[in-house]
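Q: build me a structure from this.
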Amino acid sequence: MPDIIAEIRLPTQELRDDIPFYTKTLGMQMDMIYPADDPTVAVFSGYGLRLRIEKGAPGPAGTIRILTENPDGFAGGARELVAPNGTRIEIEDRNPPLVMPQTQHAFVVRRLADQAPWVIGRAGMHYRDLIPNRLGGSIIASHIRIPDGGPVPDMVHYHTVGFQLIFCYRGWVDLVYEDQGEPFRLHAGNCVIQPPEIRHRVLYASDNIEVIEIGVPAEHVTTIDHEMELPNGPGNPDREFQGQKFVHHKEEDATWQPFRIPGFTSRDTTIAENTRNVAGVQVVRKDGIADWSSHDADILFTFVMDGTMILHGEGKPPYALEPGDAFVIPPGMKTKYADASDNLELLEVSLPGIFATT
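A: Numbering: from 1, shown residues only. The predicted model follows:
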């Protein structure tokens, strides 16, 4: 197969004016120019681009985005430039800091019976939004399913996040993670956290696999890594990814202890400890009679995995909840988990991991 070169064509009125801009101001190299006596076409390359500047060419002048780790040191520190041919140049930070939106606190109840739409997302997976308002962009909670099991058309990728949880609700899924050794199977009742920018891949899923995925903030970038192959060698469980360690929590290894609200017991996933208290995850079961309580966490999300209960909220009507339902309780609001069935099981996710309950 012969070599193939792709180039972007941009128009100009006078090529002579563009040559010093693209070579000196932007630092690109000129690869070709013709005709020699009165040039009307020049080709420039740099930063993964090949540009053909052509006098009188049809089409708009376009926009070029240049991403650099040192935007202040590029093109004299300008963030926006306009080339003589009219092309707009935007200069941005290649690795911008993660912006965490301020939480817009709200009481939210999302019931499966309300038939919120399932949408097809990445790698053909079906997504159901569990927090429609996303608390001002601070969090996304998704109920994800893959109806037909088998190989998952995924590739090695990573997420630019502050926190991310995958809790296997039903079925099982095979996963592989950077520096965590060989692929493993995540079973129902177990979970993993995906620390910021850890490379990973979904390999294989059982029929009707369902997971609960939590992402902070709600809108975050997923980047494909075309270079790394997984597994990438022996495991390194002590490695930190931006201050967080990978966690694979297994139900059979967990210890049950009194929950923060009397009348319930819980198993801690050790996620608060391994994220330096960024977030905490508990699985909760009934163990007695509940009372009214309130909390001071910034975000407190709960998903009903099994059983039934009545959620009472101060100034709100009671909500009868069943498997597949989810709710968010804002800080300072008094609530009560009443009439819980003996098989009630809840998944609670909090930010931060440790907070006060009154």
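Q: show me what contacts I146?
A: I146 is in contact with 124-126, 152, 205, 208-209, counting by Cβ atoms under 8 Å, 6 or more residues apart in numbering. C-beta coordinates here come from the backbone N, C-alpha and C atoms, glycine included.
Q: could you check how far D225 is from G162?
A: 20 Å (Cβ to Cβ, to the nearest Å).
Q: neighbour-wise, which of those two wins?
A: In this view D225 and G162 are compared by other Cβ atoms under 10 Å, and G162 has more residues nearby, 21 against 16.
Q: in its sheet, what does the lowest-mean-pLDDT helix or strand in the chain sit against?
A: Using mean pLDDT, DSSP states H and E, strand 119-120 stands out as the lowest-scoring helix or strand of the chain, at a mean of 82. When pairing is defined by DSSP bridges, strand 119-120 lines up against strand 126-129 (antiparallel).
Q: next helix or strand past the partner strand?
A: strand 140-146 (DSSP states H and E).
Q: reduced to three states, what does the residue of the chain most remote from its centre come out as?
A: Centroid-distance maximum for the chain: D37 at 54.6 Å, with Cα atoms, centre = their mean. Recorded secondary structure, D37: coil (DSSP: H, G, I helix; E, B strand; the rest coil).
Q: got the confidence number for it?
A: D37 is assigned 90 on the pLDDT scale.
Q: also D3?
A: 87.
Q: what about it, which SS state?
A: coil.
Q: from R52, how far out is it?
A: Taking Cβ to Cβ, one finds D3 at 17 Å from R52.
Q: higher neighbour count, these two?
A: Legend: neighbour count by other Cβ under 10 Å for D3 and R52, higher for R52 (15 against 4).
Q: which helix or strand contains that one?
A: Per DSSP H and E: strand 49-55 holds R52.
Q: who does the next helix or strand after that strand touch, helix- and strand-wise?
A: Toward the C-terminal end, the helix or strand that comes next after strand 49-55 (DSSP H and E) is strand 63-68. On a contact count with 3 or more Cβ pairs under 8 Å, 6 or more residues apart in numbering; DSSP states H and E, strand 63-68 meets strand 88-93.
Q: list the buried residues of the strand it packs on.
A: Using 16 or more other Cβ atoms under 10 Å as the test for burial, strand 88-93 gives 89, 91.
Q: please apply the same query to stretch 4-12.
A: For stretch 4-12, using 16+ other Cβ under 10 Å, the buried residues are 10-12.
Q: now, which of the residues you listed sits nearest V99?
A: Distance to V99 across those (Cβ to Cβ) is lowest for L10, with 32.3 Å.
Q: what strands flank whichever helix or strand the closest one is part of, and is each parallel or antiparallel?
A: Element membership of L10 [criterion: DSSP H and E] is strand 8-12. Strand partners for strand 8-12, identified by DSSP bridges, are recorded as strand 49-55 (parallel).
Q: quick one: mean pLDDT over the strand it pairs with.
A: On average, strand 49-55 scores 97.
Q: CA atoms of that strand as CSV?
A: Extracted in CSV, the C-alpha atoms of strand 49-55 (Å, rounded to 0.1, in the frame of the first residue of the first chain):
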residue,chain,number,x,y,z
LEU,A,49,-0.7,19.1,10.9
ARG,A,50,0.0,19.5,7.2
LEU,A,51,-1.5,22.8,5.8
ARG,A,52,-1.8,23.7,2.2
ILE,A,53,-2.2,27.5,1.8
GLU,A,54,-3.6,28.1,-1.6
LYS,A,55,-4.3,31.5,-3.3
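Q: that older thread, okay, and which of the contacts of I146 map to strands?
A: Counting by DSSP state E, the contacts of I146 place 126, 205, 209 in strands.
Q: ok so, going back, give me the angle between the strand holding R52 and strand 63-68.
A: 150 degrees (axes from the mean of the first three to the mean of the last three Cα atoms, to 10 degrees).
Q: what ranges in the stretch 201-350 of the chain fall below the confidence cut-off?
A: For the stretch 201-350 of the chain, no stretch is flagged by pLDDT under 70.
Q: quick one, helices of it?
A: Under the criterion DSSP state H, counting those that start in this stretch, helices of the stretch 201-350 of the chain are mapped to 271-274.
Q: all strands of it, in order?
A: 209-216, 221-224, 240-241, 244-245, 247-249, 256-258, 264-268, 280-286, 299-306, 309-313, 319-321, 326-328, 335-338, 345-351 (DSSP state E, counting those that start in this stretch).
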